[in-house]
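>>> Coordinates only, no sequence provided:
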């Protein structure tokens, strides 16, 4: 049936009117919801602070900062929002009923709701405007320097051994901007290192052939033509000019070294440097003269700030903005490979595709499948777990009390942890296996050290365990040795390590005066560490923290300071049972690990915080909270699979965006 134009227009007009009415109705619902939320959030100054004054300030004020916490100091809403990460921990303490302590009257349901819901609402409202946070310009860490030089020049330079050591930043990693400062000594070492690295490449025929594949020389007729031009003209274009030939090898290398395309000015400076060196070496014949001049130009690349720093441009624009595609390539490659981008990442950056989330997803999968991902596994895991000291030269334990803890054993324990993390990352793809599993990575020497039979291979390989006592990082000698004293184990240090490194809980600092610990060896053999600790923490000021830390550490007491199994201290048997702060009980490391596995939300948040901090090279900020929650949910909803977790991380706004470090003043 035919429809007239007038009828059709009338129907479209009615449809448009209905659509507009629906849209307006939807917006009114949203505005009404936002208004209701805004009205529901109580005032900090009028409602929340007075309640906290009556319930919290007696223990957390300027004169009495119990646990190092001063809540009375936050008198205005702005200060609460500014220190939002701290207030999230305050809310967590109230939500879990850890505060007020059991020695104080509990909160009524109305008071509990007012504090938890009120503070949560205030903090959530302050996060409506997403901000990527400041990421300061960062020098390459020693590991990043080593791997970048390896991928750039095929020279394996031990940067950690040669350069003065760096500290670790607020996130506990050596790639944090706050730890990567320059000193005159470091600057001098970078000059010397550039000379050593390029010299090694130059003196190795195969390596130099890769960098400079063609020998440079001028034919007799080219030299004759240039001689004639020199007689006739003050300025002329040289036939087969050496700087043109040099730039054909220098420009590609500089592009990789600077991790972006060179500007015309940079090309001219490099060409000019080459020419000055080339002219100064006129006593040499080609190709030696050419190669030595190229080598000097290569050295200049290795001491350039564009190589030593991960430089990100700061355009003159307010607020947050997208990183350039080359900058995304650099962040991605140094995150997952500890090195510069490869050719595929460069090509994608050149094509302007590295803000495409689907492309980023494909690249994360590709990069995790590449062997270079093991660099990330080592760099992240060993710093997170705090086991780098196993490679130090000084002894870790008293060798008379604990013989057999040799250098090769320490290296094996270190390698066990790296291989294990790499396997979880790329093969098992279940981060909860970091807590507990039925396998580990051993060779014959390491298996003999642990007392595990049936391993004959000299190379470290995956080994199935008869029980799950050792499976996971808590059964690894690397972690157990790193959390012990040279003469004995320390349940306090081990318990604190479990809280901080696995659950992301930071216990408060100890009181100014701590009771002296009984270090008498005979007492340890007679009484056992548990009874000595009970006497040590008898002070009321110590109990609240020690009752959370000590059980976690005591659950690992079957492992001696080197990580080997034991059943007694001498005369006293090891009692590895414990009672958690919430009343749950366990016996031994296996049951302890099963209890830890129930803390999925805490484990997810801890992994999110540490991985995002490592990826960004800075401490976590309160403005990162929305991104962290999406990372938490990705782990929890995907059975702790690291692949979707890492994909979500590189797609997050803190990773792909930035805000200028310095605001320009008029």
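Thanks, I have it. In this text, all values refer to a predicted model and were calculated from it rather than measured experimentally.
>>> ok, and for stretch 624-644, which residues are buried?
Buried residues in stretch 624-644, defined by neighbour count with 16 or more other C-beta atoms under 10 Å: 624-628, 631-632, 634-635, 638, 640-644. In short, each C-beta sits where N, CA and C put it, glycine included.
>>> Kindly apply the preceding question to stretch 575-582 instead.
576-578, 580.
>>> sorry, back to before: may I ask which two of the buried residues of stretch 624-644 are separated the most?
Based on C-beta to C-beta, the longest span within the buried residues of stretch 624-644 runs between 625 and 643 and measures 23.6 Å.
>>> Between the two ends of stretch 129-145, how far is it?
36 Å (C-alpha to C-alpha, to the nearest Å).
>>> avg pLDDT for that stretch?
In this model, stretch 129-145 has a mean pLDDT of 89.
>>> List the buried residues in it.
131-133, 135, 138-145.
>>> of all these, which comes closest to residue 210?
For these, the nearest to residue 210 is residue 145 (20.1 Å; C-beta to C-beta).
>>> residues touching the residue nearest to the closest one when sequence neighbours are not counted, list them.
Of all residues not flanking residue 145 in the chain, residue 159 sits nearest, at 4.5 Å (C-beta to C-beta, 6 or more residues apart in numbering). Contact partners of residue 159, counting by C-beta atoms under 8 Å, 6 or more residues apart in numbering, are 142-143, 145-146, 149, 193.
>>> I'd like to know which of the buried residues of stretch 129-145 is nearest to residue 62.
Nearest member of those to residue 62, counting by C-beta to C-beta, is residue 133, at 29.7 Å.
>>> I'd like to know how far the nearest residue to the closest one once chain neighbours are set aside sits from residue 274.
Nearest non-adjacent residue to residue 133, counting by C-beta to C-beta, 6+ apart: residue 621, 4.6 Å away. As for residue 621, its distance to residue 274 is 44 Å (criterion: C-beta to C-beta, to the nearest Å).
>>> same check, this time on residue 235
For residue 235, the distance to residue 274 - C-beta to C-beta - is 19 Å.
>>> Do a quick rundown of the strands in the stretch 351-500 of the chain.
439-442, 461-464 (DSSP state E, counting those that start in this stretch).
>>> Buried residues in stretch 244-260, which are they?
245-247, 249-251, 253-254, 256-260.
>>> do stretch 70-79 as well
By 16+ other C-beta under 10 Å, the buried positions in stretch 70-79 come out as 71-72, 74.
>>> cool, and stretch 583-592?
In stretch 583-592, the ones that count as buried by 16+ other C-beta under 10 Å are 586, 588-592.
>>> out of those, which one sits closest to residue 153?
Using C-beta to C-beta, these come closest to residue 153 at residue 589, 46.2 Å.
>>> Which residues does the helix or strand hosting that closest one contact?
For residue 589, the host element (DSSP states H and E) is helix 588-596. Helix 588-596 is contacted by residues 435-436, 467-469, 472, 474-475, 498, 502-503, 552, 555-556, 558-559, 576-578, 580, 584, 586, 603 when judged by C-beta under 8 Å, 6+ apart.
>>> Mark which of those are buried, thanks.
With neighbours counted by 16+ other C-beta under 10 Å, these contain buried members at 435-436, 468-469, 472, 474-475, 498, 502-503, 552, 555-556, 558-559, 576-578, 580, 586, 603.
>>> Out of those residues, list just those in helices.
552, 603 (DSSP state H).
>>> before we move on, back to that, columns mean neighbour count on top of the strands of the stretch 351-500 of the chain, output as JSON lines?
Compiled in JSON lines, these are given as follows (neighbours: other C-beta atoms under 10 Å):
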{"stretch": "strand 439-442", "mean neighbour count": "22"}
{"stretch": "strand 461-464", "mean neighbour count": "13"}
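>>> which one of those lies closest to residue 568?
strand 439-442 (24.6 Å).
>>> from the buried residues of stretch 70-79, which has minimum pLDDT?
residue 72 (87).
>>> sec struct for that residue, please.
Using DSSP: H, G, I helix; E, B strand; the rest coil, the structure places residue 72 in coil.
>>> Not counting sequence-adjacent ones, nearest residue to it?
Residue 72's closest residue in space is residue 61 (C-beta to C-beta, 6+ apart), at 4.1 Å.
>>> Neighbours of the one you found, how many?
Neighbours of residue 61 under the rule other C-beta atoms under 10 Å: 16.
>>> Ok, residue 604 next?
24.
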